[in-house]
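In: here's my sequence, what's the structure:
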Amino acid sequence: MTTREVEHEITVGAPAPAVYRLLADVAQWPRIFPPTLHVDQVERGGTEERIRIWATAGGGAKSWTSRRTLDADALRITFRQEITAPPVAAMGGTWIIEPVTDDTARVRLLHDYRAVGDDPGSLAWIDRAVDHNSRTELAALKDNLERAHAHEELTFSFTDSVTVAGAAKDVYDFVNDAGLWPERLPHVASARLTEDTPGLQTLEMDTRAKDGSTHTTKSYRVTFPHHRIAYKQVTLPALLTLHTGLWTFEETPEGTVASSQHTVTLNPDNLAVLGPDATVEDARAYIRGALGANSLVTLGHARAYAEGKA
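Out: Below is the predicted model of the structure:
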């Protein structure tokens, strides 16, 4: 069978070890690759790991599992998809990070792949997909990594938690059933929840702000009953270039601890939406307050629901 081998590269304004660390840490991928929704580390042993990736493609979302080998000394990561989807018969490759100067690095992305049945039309389709995705990934890596390296203060995370005298399953169910939120949460004007693939949800929601205005958001959510719900917001307000989140539900001797974690990146070009003299600190405080308040309202109603069930 015909195996195609291709290579793409880009130069990044960040030290090579920093680039490697970001690529090696799959939890960071939703931050640096726009199509990536969530990555779960399924297995890890030494330099080998197995990861499951959820990402958008062609207007929808899909997931696949890959094995990776990490070599921190050589700044190299090899990967191979475990189960491929037609027309792809096999897919793998290597990330190679090469220092250019102390503050710049060349990132090479190698792919090797085969088409089902060695079909020329399928191979041409894979050629186009790999070329487009590789160029997009590398450009996003360069843009997001350089921004993160230069403006660390723009990205931050925070968590709000409540303790519930009820079962984790019931708290999870409240957050999972987001289609019912307009009836259950005062700040949600409307919600449209779809789940064509079990465990992979699309949530479009109209949320009320304190001033009475509403804004529409769209998120993809990956669910892990009855422990976690991870999400990535794909329509963002002007003040943000990234918003990911994680709901967790853990039963403890004191009760179920339900938490809402947010990771956001501020858009420094749009600080003026808060006023002509707004600073990064102003924007951090505003986002922390707004998202935290909505999370605590949701967690409070989820607690009442679960404790009512108990």
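In: hey, let's count contacts and neighbours off CA atoms from now on
Out: OK.
In: need the strands for the protein, in chain order.
Out: With DSSP state E, the ranges of strands along the chain come out as 4-12, 36-45, 48-57, 60-71, 76-81, 88-101, 104-115, 155-164, 188-197, 200-208, 214-224, 228-233, 240-252, 255-266.
In: turn these into JSON lines, including distance to Ile287.
Out: Rendered in JSON lines, the data for these read as follows (distance: least, Cα to Cα, whole Å):
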{"stretch": "strand 4-12", "distance to Ile287": "29"}
{"stretch": "strand 36-45", "distance to Ile287": "21"}
{"stretch": "strand 48-57", "distance to Ile287": "26"}
{"stretch": "strand 60-71", "distance to Ile287": "27"}
{"stretch": "strand 76-81", "distance to Ile287": "35"}
{"stretch": "strand 88-101", "distance to Ile287": "35"}
{"stretch": "strand 104-115", "distance to Ile287": "32"}
{"stretch": "strand 155-164", "distance to Ile287": "10"}
{"stretch": "strand 188-197", "distance to Ile287": "18"}
{"stretch": "strand 200-208", "distance to Ile287": "15"}
{"stretch": "strand 214-224", "distance to Ile287": "15"}
{"stretch": "strand 228-233", "distance to Ile287": "14"}
{"stretch": "strand 240-252", "distance to Ile287": "9"}
{"stretch": "strand 255-266", "distance to Ile287": "9"}
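In: in a markdown table, list these along with mean pLDDT.
Out: Below are these laid out as a markdown table (pLDDT from 0 to 100):
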| stretch | mean pLDDT |
| --- | --- |
| strand 4-12 | 97 |
| strand 36-45 | 92 |
| strand 48-57 | 90 |
| strand 60-71 | 90 |
| strand 76-81 | 96 |
| strand 88-101 | 96 |
| strand 104-115 | 97 |
| strand 155-164 | 96 |
| strand 188-197 | 94 |
| strand 200-208 | 94 |
| strand 214-224 | 93 |
| strand 228-233 | 97 |
| strand 240-252 | 96 |
| strand 255-266 | 96 |
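In: quick one, which of the ones you listed is nearest to Gln28?
Out: Closest to Gln28 of these is strand 36-45 (Cα to Cα; 8.6 Å).
In: what's the closest non-adjacent residue to Leu185?
Out: Closest residue in space to Leu185, ignoring its immediate chain neighbours: Thr298 at 6.7 Å, by Cα to Cα, 6 or more residues apart in numbering.
In: what pLDDT does the model give that neighbour?
Out: According to the prediction, Thr298 has pLDDT 97.
In: before we move on, what about the one 10 residues further on?
Out: Among the per-residue scores, Gly308 shows a pLDDT of 95.
In: and what of Asn144?
Out: You'll see Asn144 listed with a pLDDT of 83.
In: I'd say it and Ile32 touch.
Out: Yes. Taking contacts as Cα atoms under 8 Å, Asn144 lies within contact range of Ile32: 5.4 Å.
In: of the two, give the one with the bigger neighbour count.
Out: Ile32 (22 against 17; other Cα atoms under 10 Å).
In: I figured that one hits Leu141, correct?
Out: Yes. Ile32 lies in contact with Leu141 (Cα under 8 Å); the separation is 5.5 Å.
In: and the residue lying closest to Ser260 once chain neighbours are set aside, what are its bridge partners?
Out: Spatial nearest neighbour of Ser260, chain neighbours left out: Trp247 (4.7 Å); criterion: Cα to Cα, 6+ apart. Per DSSP bridges, the residues bridged to Trp247 are Ile229, Ser260.
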